[in-house]
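Peer 1: build me a structure from this.
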Amino acid sequence: MKLSRVLHMGIPELACRGRQEASKWLERIGVIGRAASPPKGAATLLAEFRHGGLARFFEGATNAETQHLIAEHVPAYRDETVAVADEVCQRRFDLLGYRGLTFGDPVDWHLDPIAARRAPRVHWSRLDPLNPASVGDSKVVWELNRHQWLVRLGVAYRLTGDERYARTFADDVRAWMRANPPGIGINWASSLEVALRLMSWCWALVLFRASSALSPELFVDMLGAIQAHASHVERHLSYYFAPNTHLTGEALGLFYAGVVFPELHPARRWRALGARILITQLERQVLPDGVYFEQSTCYQRYTVETYLHFMILAARNGVVIPPTVGQRVQELVDVLLALRRPDGSMPSIGDADGGWLLPLATRPPDDFRGVFSTAAALFGRSDYTWAARGLAPETLWLLGTDGLRAFEALRPAPPVGAASRLFADGGLVVMRSGWDARAHQLVFDVGPLGCPINAGHGHADLLSIQCSVFGQPCLVDAGTYGYTAEPRWRDFFRGSAAHSTVMVDGYGQAHPAGPFKWDTRPRARLHRWLSTEALDFADAAHDAYRRLGDPVVHRRRVLFVKRRFWVVVDDLEGRAEHAIELRFQFGPMPVTVDPDLWARARVAAACGLLIRAWAPVPLKAEVHEGDVAPIQGWISPDYGQRRPAPVVTYSTVTRLPLRIVSLLLPAEDVFAAPPAVAPLLADLDVLAGRPFDDVRAGGGLADDPSHDAR
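Peer 2: Residues are numbered from 1 along each chain as shown. From the prediction side, this is the model:
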């Protein structure tokens, strides 16, 4: 660790890190970290678990009626789950964005098959999980070793009674324990991954409890390994390494172990510690407006999942938690509800790794219906029921018959109140024409680059926009693709060139300094927000390009004339000559640019989005798709996957200041003649507005709703 970093640490951090370094040393010499001996005989422990311990776990997982509820309410789920389980039995795994991965037979638990790299089998503290040359992509290895696919095997067993799934579970867990003794190898290098595996094992033990494959000896071995897992997490909590979803996920793992296995000696301490961390971190990691502080919809969803599990388990075990926990979790869900696109998908903001806390169903990364469904049943919210679009199997496994009754008692209804929202603390503006399935929506990012701690999962997307028209995503965030395996692609997908914003002199808004760091932390500021029944207006600026020799300030104003069009006004303030590039990143759809600079994007049938930019200097308009030198025109729908997608650029080289006015016009027929537009000049050099003759669009435009923002 760099001396400068140590000198800036406080006494609590120094003490915590010192204890953890001492623990690593004691583990390496074998003093601590070994699996514990069982407190009772193997047969007694298993019998007690089968007959008395199930009341402590999720009602849906323990209730024999759940499989019948699944068959009645989500019948397609059975075939989907059996298909996943059959693939696992044939040693093929769908992990993250990869399909049919093979790790050998028997499984090599330390292998990244994509990079053909095997992590060394040494003490975890001797490994660098971010070094792809030695371990491959640790994210891929860890995803296998979360053992969440064991849960899907268990679900398939519960739905079919097929002992093949139970035998595969037993064989794989035995093999894993032999290949991964406590502390040895990459699968102990992240406390979060250890906690997630612990939770998977808890679920697997409950789901396979009736099978003869779960022998007393296997149960006792797993119980000892669970104690080793929880003890490892307790020693190496991410208080300072990653006080985000890592820390809350680790705390949930401790809470799981503490309530599910009270016979283990440290169980009471784990339960209390896990609950304390989860309660305190909810206030630290969630901003006052409900936005998760890492500026990521993926990690916001992770956080909701974590606290739903915590609240349900706490209620089952009589653990009293403050009522503010439920209130804050609903605020988290409310943000997701506001951001949710009209087609039901979730826009990607910041990093998204494709993982889930516990994937009881197969869902693409932008499908949050399971979260909405469970939140609806838990909190009695009709708007969450509306967003869920039906009962999700996750709700039945977590809440059982009570969850079913609660969900069915709700009448789905869209949210009450204005469809357009400002989340001032999180820096998100949502402009929406309504809650119907063919609504128009624009998300304007006026927040910081990531969270205040290290911005590790933030993107250089200041003042970027995402847009849906006629209910369909059109302008999108390009996604994440990967973390460590391919640095050039990592830097592109989190860089400014992958987002619908402005670049100056070919530079992004911040320069990467490793896979989870930035060399600078530019800031954005919202100057004004106005929302009425007729229009929305937001005015913001950022300081990212003040670092240039001739400092440049980018100010962006967005006006939404409800259900008709958006106007985006970009002002670049400076004194010297600069290369300016206005970028619009589309999803995978046909996009063309006419000679007169109209961009036409078709989202469905003939409808889509028309875009046109104007400036007092000539603009060059281009479409790029799937370019590699430089990289541009790509999206990543899931971790490890990328595909070409068009990006439209309007560019010029000119002396600043410069104003560019862009019209974003939803069109029922993108192939029809565009509206005629004429310039409005405040003086010879400054573009003030663009009136146009399309009656459907309202007749005329100015760049400010009160006509005073020239």
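Peer 1: so where's the stretch 551-700 of the chain shaky on pLDDT?
Peer 2: Counting by pLDDT under 70, the stretch 551-700 of the chain contains low-confidence ranges at 679-700.
Peer 1: name the nearest residue to the residue most central in space within the chain, sequence neighbours excluded.
Peer 2: The residue lying closest to the centre of the chain (Cα atoms, centre = their mean) is residue 298, at 1.1 Å. Computed as Cβ to Cβ, 6 or more residues apart in numbering, the closest residue to residue 298 that is not its neighbour in sequence is residue 352, at 3.6 Å. Where C-beta positions appear, they are placed from N, C-alpha and C, glycine not excepted.
Peer 1: mind checking pLDDT for residue 36?
Peer 2: For residue 36, the pLDDT comes out at 74.
Peer 1: secondary structure element holding residue 164?
Peer 2: helix 163-179 (DSSP states H and E).
Peer 1: no, scratch that, I was asking about residue 141
Peer 2: Here residue 141 is assigned to helix 138-145, by DSSP H and E.
Peer 1: got the angle for that helix vs helix 163-179?
Peer 2: 130 degrees (axes from the mean of the first three to the mean of the last three Cα atoms, to 10 degrees).
Peer 1: so which elements touch helix 138-145?
Peer 2: strand 93-95, strand 98-101, strand 111-112, helix 191-207 (3 or more Cβ pairs under 8 Å, 6 or more residues apart in numbering; DSSP states H and E).
Peer 1: rerun that using 7 Å as the cut-off
Peer 2: Packing contacts for helix 138-145, counted by 3 or more Cβ pairs under 7 Å, 6 or more residues apart in numbering; DSSP states H and E, involve strand 93-95, strand 111-112, helix 191-207.
Peer 1: mind listing the helices for the stretch 1-150 of the chain?
Peer 2: Under the criterion DSSP state H, counting those that start in this stretch, helices of the stretch 1-150 of the chain are mapped to 3-7, 11-28, 42-51, 59-62, 66-73, 76-89, 132-135, 138-145, 148-160.
Peer 1: where does the protein dip in pLDDT?
Peer 2: Scanning the chain for pLDDT under 70 picks out 1-5, 7, 679-710.
Peer 1: circling back: secondary structure class of the residue nearest to residue 298, three-state.
Peer 2: Secondary structure, DSSP: H, G, I helix; E, B strand; the rest coil: residue 352 is coil.
Peer 1: which residues are in contact with it?
Peer 2: 296, 298, 365, 479, 480 (Cβ atoms under 7 Å, 6 or more residues apart in numbering).
Peer 1: can I get the residues you listed in TSV with secondary structure and distance to residue 526?
Peer 2: Converted to TSV, the contacts of residue 352 look like this (DSSP: H, G, I helix; E, B strand; the rest coil; distance: Cβ to Cβ, whole Å):
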residue	secondary structure	distance to residue 526
296	coil	19
298	helix	23
365	coil	28
479	coil	25
480	coil	25
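Peer 1: let's have those residues in JSON lines, adding distance to residue 536.
Peer 2: Formatted as JSON lines, these follow (distance: Cβ to Cβ, whole Å):
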{"residue": "296", "distance to residue 536": "24"}
{"residue": "298", "distance to residue 536": "26"}
{"residue": "365", "distance to residue 536": "28"}
{"residue": "479", "distance to residue 536": "26"}
{"residue": "480", "distance to residue 536": "29"}
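Peer 1: what's the spacing between the residue nearest to residue 298 and residue 112?
Peer 2: 20 Å (Cβ to Cβ, to the nearest Å).
Peer 1: tell me the buried residues in stretch 444-464?
Peer 2: Neighbour-count burial for stretch 444-464, counted by 16 or more other Cβ atoms under 10 Å, picks out 444-451, 454-464.
Peer 1: do the same with stretch 408-427
Peer 2: Applying a neighbour-count criterion of 16+ other Cβ under 10 Å, one finds 410, 415, 419, 420, 421, 422, 423, 426, 427 buried in stretch 408-427.
Peer 1: so what touches that stretch?
Peer 2: 287-291, 295, 335, 337-338, 376, 380, 382-383, 385-386, 429-432, 434-435, 445-448, 524, 526, 529, 531, 536.
Peer 1: 8 Å instead, please
Peer 2: Residues outside stretch 408-427 that contact it (Cβ atoms under 8 Å, 6 or more residues apart in numbering): 287-293, 295, 335, 337-338, 376-377, 380-383, 385-386, 391, 428-435, 439, 445-448, 524, 526, 529, 531, 536, 538, 560.
Peer 1: do the same with stretch 342-349
Peer 2: Counting by Cβ under 8 Å, 6+ apart, residues outside stretch 342-349 touching it are 295-298, 301, 336, 339-341, 365-369, 387, 389, 428, 432, 435-441, 443, 445, 459, 461, 466, 468, 471-473, 476-477, 479-480.
Peer 1: for the contacts of residue 352, which one is nearest residue 195?
Peer 2: Nearest to residue 195 among those is residue 298, at 18.1 Å by Cβ to Cβ.
Peer 1: how near is the closest one to residue 159?
Peer 2: Residue 298 is 29 Å from residue 159, by Cβ to Cβ.
Peer 1: buried residues of the host helix or strand of residue 585, list them for me.
Peer 2: Assigning secondary structure by DSSP H and E places residue 585 in strand 577-585. Using 16+ other Cβ under 10 Å as the test for burial, strand 577-585 gives 578, 580, 581, 582, 583, 584, 585.
Peer 1: pretty sure the first one sits against residue 506.
Peer 2: No. Taking Cβ atoms under 8 Å as the contact criterion, residue 578 and residue 506 are not neighbours in contact, 9.9 Å apart.
Peer 1: with that, I have no additional questions.
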